[in-house]
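A.B. asks: Here is my input; please provide its structure:
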Amino acid sequence: MSALVESVDLVAQSFTGRLLRPSDAGYDDLRRVHNGLVDKHPALIARCSGVADLVDAVTLARTLGLEIAVRGGGHNVAGHATVNQGLLIDLSAMKGVHVDSRAQTVRAEGGVLWKELNRETQLHGLATTGGVVGSTGIAGLTLGGGIGWLMPRYGLALDNLRSADLVTADGRIVHASEDDNPDLFWAIRGGGGNFGIAASLEYSLHPVGPIITGGAVVHPFGRAVDGLKFFRDTCAHLPDEMMLVADLQTAHDGSNARLAAIAAAHSGPLSEAERAVRPIKAFGPPIMDALGPIPYSTLNTMLDPAFPKGARNYWKAQLLTDLSDDAIRTLVQAFEACPSTMSHLIVEHLHGVASRVPVDSTACTLRMTGFNVVIISQWTHADDTERNIAWARETFSSLTPYLAPTRYVNYLEGDATEPAAAAYGPNLRRLRDVKTKWDPDNFFHKNVNILPR
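C.D. replies: Predicted coordinates:
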């Protein structure tokens, strides 16, 4: 312990952020991540204010032999953004955002959230594919893939990444792009935090909004089977400008009524969007219609209230071979048994630009047209943990006949079996080569870990 105190005191002389021990004010708030099921206690938190702090934090961890975790937004559902008795490197104070409206690019620091990035880029009528929950961090979402409302038109978040500045395991500051360290740039686009800490990220921007067409229509649960069939059939003919998501959920008006919703976003001209969403608004008809012109920034925070910080979460997700009638009936039956009013069964449709990228062009293997099912078990009280986790696992098991091999790395649960193989598939061998070059000691391993050779 004396070595820790002495080393921290030495680093603190030049550290411009904060170094927090468990007894310090603010430690308890900073150690908590979004998922209330994750409750870990780092020996030290390094709340960094710049790249030099990140380098000092990495050096300190290596000097003391401490396991590290890196947190941007802290949304990772598996809890990879924190660590017990190690060093938590916290980027949440690194909020710099610079938009070059003429070049249509933005560079942002690793602690920026999607709602913060959108706020800056939308001043110029520009956007890039980002998360559908505004409080998600840009770094974690992008390095793992990046599903968002603009995905069919402009690709995943990582498809819009132009470059990144990383702090590597040996404390170097490295620029990764198509021209500089291209092997590393290939690997971080899907390989998560296995290769370094993303101090800043540069994205391509596109003309979007500020008003687009988006929102949701809601149907009674008795129409869930028909609604999911309509959703599936509609997805077969979507333009690149449009994304659809289906959601089985519970009403939050006190009635606890189960509902079936279809959420949509169309980023093209409003006149085209109005025609495109007309059949969705007419089907049923819905009991609630909140689909129409909406600010793009508002659309990206629409789901935030459904995912409150501190709620306990256990997720399972995997691509489906097809959203068949039998798979639909299985989903509906599973949600009938859901024990929590906070939980969701979500079906995301993947198509468009993101699905047309060759699977070996980036580390990400989420390159197909089809459906991704997300089992979101969410609850408040600790006493309900066992039955809510059991529901998620039982639902996932019931879907086994309909599951495809691929899993999305950002949705993987902490107890997943062979997660790297499931997420990276044919790209895993090349990823291990890059890992061996840039992090041979596996210093960055609090993630969906890629082992060096």
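A.B. asks: what's near enough to touch residue 60?
C.D. replies: Residue 60 sits next to 7-8, 11, 46, 66, 87 when contact means C-beta atoms under 8 Å, 6 or more residues apart in numbering. For glycine as for every other residue, the C-beta is placed from the backbone atoms N, C-alpha and C.
A.B. asks: what domains does the record give for this structure?
C.D. replies: As given by automatic domain parsing, the domain ranges for the chain are 2-90, 97-208, 211-411.
A.B. asks: Could you give the number of residues near residue 65?
C.D. replies: Residue 65 is flanked by 8 other residues according to other C-beta atoms under 10 Å.
A.B. asks: meant to ask about residue 250, not that
C.D. replies: Count around residue 250 with other C-beta under 10 Å applied: 18.
A.B. asks: returning to that earlier point: and the contacts of residue 60, which is closest to residue 18?
C.D. replies: residue 46 (7.9 Å; C-beta to C-beta).
A.B. asks: Just confirm the closest one contacts residue 17, I think it does.
C.D. replies: Yes - Residue 46 lies in contact with residue 17 (C-beta atoms under 8 Å); the separation is 6.7 Å.
A.B. asks: Overlap in contacts, the two.
C.D. replies: Contacts common to residue 46 and residue 17, judged by C-beta under 8 Å, 6+ apart, are residue 53.
A.B. asks: Quickly note the distance from the closest residue to residue 59 other than its chain neighbours to residue 15.
C.D. replies: The shortest distance from residue 59 to any non-neighbouring residue, by C-beta to C-beta, 6 or more residues apart in numbering, is to residue 171 (5.1 Å). Going from residue 171 to residue 15 by C-beta to C-beta, to the nearest Å gives 14 Å.
A.B. asks: So which of these two has more stuff around it?
C.D. replies: Neighbour count, other C-beta under 10 Å: between residue 171 and residue 15, residue 15 has more, with 20 against 15.
A.B. asks: Let me know whether that one touches residue 54 as I believe.
C.D. replies: No - in this structure residue 15 lies outside contact range of residue 54 using C-beta under 8 Å: 10.6 Å.
A.B. asks: for the helix or strand hosting residue 116, the distance to its chain's centre please.
C.D. replies: Here residue 116 sits within helix 114-121, counting by DSSP states H and E. Helix 114-121 sits 16 Å away from the centroid of its parent chain (C-alpha atoms, centre = their mean, to the nearest Å).
A.B. asks: Adjust the sequence numbering to begin at 40 for everything that follows.
C.D. replies: Yep, numbering from 40; the last one is helix 153-160 now.
A.B. asks: average pLDDT for it?
C.D. replies: On average, the pLDDT along helix 153-160 is 97.
A.B. asks: so what secondary structure elements neighbour it?
C.D. replies: Counting contacts by 3 or more C-beta pairs under 8 Å, 6 or more residues apart in numbering; DSSP states H and E, helix 153-160 packs against strand 136-139, strand 144-148, helix 177-183, helix 335-338.
A.B. asks: most tightly surrounded among the ones you listed?
C.D. replies: Sort those by mean neighbour count, taking mean count of other C-beta atoms under 10 Å, and helix 177-183 sits at the top with a mean of 30.
A.B. asks: From the rest of the structure, what touches it?
C.D. replies: So helix 177-183 is contacted by 111-112, 114-115, 120, 130, 147, 149-153, 156, 169-170, 196-197, 200, 227-232, 237, 240, 403, 447-449, 487 (C-beta under 8 Å, 6+ apart).
A.B. asks: Beyond that helix, next helix or strand please.
C.D. replies: Heading C-terminal from helix 177-183 (DSSP H and E), you reach helix 190-193.
A.B. asks: Please put the alpha-carbon coordinates of that next one into CSV.
C.D. replies: Extracted in CSV, the C-alpha atoms of helix 190-193 (Å, rounded to 0.1, in the frame of the first residue of the first chain):
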residue,chain,number,x,y,z
MET,A,190,-26.5,3.0,-40.2
PRO,A,191,-28.3,1.9,-43.4
ARG,A,192,-27.5,5.2,-45.2
TYR,A,193,-24.0,6.0,-43.9
